[in-house]
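*Asks:* compute the structure for the input listed below.
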Amino acid sequence: MTRLFLLLFSAVLLASCGQASEQSRNTIDTTNTLIVKGPTAVIFRPAGDKLRSLKAAFGEKSFLSLQTANNTTLLEDSTYLAGKGVKIVSTSATQLQFIRGNGEVLYINLIHPKYAWEIFLYNGYSDPVKADLTDIEAAYLESGIRKP
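*Replies:* Numbers count the residues shown, from 1 in each chain. You can find the predicted model right below:
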């Protein structure tokens with residue numbers, strides 16, 4: 001009888017542990033996550049830990065000029081996109097979630113070292129286009145964003 005009780009107790013305990021881990025995976029970090037629905041240009045400007053890691057990767061001497069050049073380019077690119085009537089969202093969130101019309105979610109983790117200052121152009125139904133900051137016009141055309 002005791003063995004049966006212990007077996008049932010163990011099964012319930014294991015099942016509840018499985019549910020807790022499943023719930024924690026579905027939790028969204030709202031501080032560091034940006035959820036994007038519909039056609040949008042997402043401009044990522046690193047901050048906090050991401051900015052510190054970029055500074056360490058590029059080196060203290062060249063970092064300030066690199067940061068200034070990238071911020072200037074982002075401003076010029078956002079001016080171009082605004083002129084095209086594109087909705088623009090600027091963020092330092094390191095997790096992006098793009099929601100398609102059918103409910104499918106596309107994730108981008110900007111903590112990855114390959115990301116620094118970025119623009120993602122999203123048309124609302126296909127994969128977001130990571131823009132070449134030096135050729136925003138080509139990225140705009142590739143993205144398929146339609147005027148509102």
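
*Asks:* can you count the residues close to the closest residue to residue 138 other than its chain neighbours?
*Replies:* What sits nearest to residue 138 in space, not counting adjacent residues and going by C-beta to C-beta, 6 or more residues apart in numbering, is residue 132, at 6.9 Å. The C-beta positions use only the backbone N, C-alpha and C, and glycine is treated the same way. Here the number of neighbours of residue 132 (other C-beta atoms under 10 Å) works out to 13.

*Asks:* what's the answer for the one 4 residues further on, then?
*Replies:* Residue 136: 22 surrounding residues under other C-beta under 10 Å.

*Asks:* tell me the spacing between it and residue 122.
*Replies:* Distance, residue 136 to residue 122, using C-beta to C-beta, to the nearest Å: 14 Å.

*Asks:* pLDDT score assigned to the residue nearest the centre of the chain?
*Replies:* Residue closest to the average C-alpha location in the chain (C-alpha atoms, centre = their mean): residue 96, at 2.2 Å. In the prediction, the pLDDT value recorded for residue 96 is 97.

*Asks:* before we move on, what about residue 101?
*Replies:* 88.
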